[in-house]
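Colleague: Below: sequence and its predicted model.
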Amino acid sequence: MFRFLMKTGVSRIVFVVDPDIQAPAMQAAFSEKVPAFTKLEDALRQPLPEFIFEISSNEADSEKMKQVLRGTPTRIINQATSRMIVELVEADREQLQTEVSETIMAVKTELLTTLTTSKSLVYKINQMMSNMQMLALNASIEASKAGQFGKGFAVVAENITKTVESVRRLTQEIDEVNQTLMDASGRIDNVLEKLQ
């Protein structure tokens with residue numbers, strides 16, 4: 001219960017009571033710098049909280065606590081109710097965790113599908129640009145053979161070469177974006193791992 005309340009942050013733990021200082025809640029209280037008492041009487045001398053969660057106690061301590069708290073605004077949450085609260089919140093947390101994981105997985109799947117499509121398109125564009133570059137090279141050779149009559153053809157070949165180079169730079173930029181998407185996919189895996 002101590003770890004649960006600390007983790008949720010919905011309330012502030014003002015003290016812990018257990019006759020065994022080695023008890024897990026006592027050790028957790030020490031590490032979190034929460035006041036810890038081995039005697040109920042000492043704890044009940046502190047400013048009283050709104051609620052006291054009774055996790056485990058003997059009948060005498062339970063009765064003593066009820067007497068001290070009679071007439072105060074402090075309410076005792078008994079052992080069964082305390083456990084039920086934790087179980088309900090944990091069930092809600094697990095359901096939320098599952099829903100978030102499923103949503104993130106759907107996003108990752110869509111991301112990877114888009115990434116695969118993008119890489120395929122870049123590959124096809126690069127293939128076409130290689131063919132165009134080869135045509136431009138052949139056109140330049142033929143233009144030089146034609147001499148004066150091939151000058152117009154040489155200008156076209158030069159412009160095709162420049163266009164191919166521009167498109168290749170664009171595909172390199174697309175590859176960089178694809179790498180960013182791959183990195184994001186890796187970060188998604190880290191988030192999913194933490195949600196487990």
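Modeller: Yep, it's here. A quick note: this is a predicted structure, and the numbers were derived from the prediction, not measured.
Colleague: Quick check: pLDDT value at S57.
Modeller: If you check S57, the pLDDT there is 64.
Colleague: In this structure N178 contacts T117, no?
Modeller: No - in this structure, N178 is not within contact of T117 by CB atoms under 8 Å, at 10.3 Å. Backbone N, C-alpha and C define where each C-beta goes, glycine included.
Colleague: Which residue of the two possesses the greater neighbour count?
Modeller: Per other CB atoms under 10 Å, whichever of N178 and T117 has more neighbours is N178, with 17 against 10.
Colleague: From Y123, how far out is that one?
Modeller: 11 Å (CB to CB, to the nearest Å).
Colleague: following the helix ranked longest in the chain, which helix or strand comes up?
Modeller: What stands out as the longest helix in the chain, according to DSSP state H, is helix 79-146. On the C-terminal side of helix 79-146, the nearest following helix or strand under DSSP states H and E is helix 151-195.
Colleague: Give the other helices and strands that that next one contacts.
Modeller: Applying 3 or more CB pairs under 8 Å, 6 or more residues apart in numbering; DSSP states H and E, one finds that helix 151-195 contacts helix 79-146.
Colleague: quick one: average confidence on the helix it packs on?
Modeller: Helix 79-146 shows a mean pLDDT of 87.
Colleague: Give me the distance from it to the chain's centre.
Modeller: Distance of helix 79-146 from the chain centroid (CA atoms, centre = their mean, to the nearest Å) equals 17 Å.
Colleague: Please name every helix or strand in contact with that helix.
Modeller: By 3+ CB pairs under 8 Å, 6+ apart, helix 79-146 packs against helix 2-8, helix 151-195.
Colleague: Mean pLDDT and distance to S130 added to those, as JSON lines?
Modeller: Compiled in JSON lines, the helices and strands packed on helix 79-146 are given as follows (pLDDT from 0 to 100; distance: least, CB to CB, whole Å):
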{"stretch": "helix 2-8", "mean pLDDT": "70", "distance to S130": "58"}
{"stretch": "helix 151-195", "mean pLDDT": "89", "distance to S130": "8"}
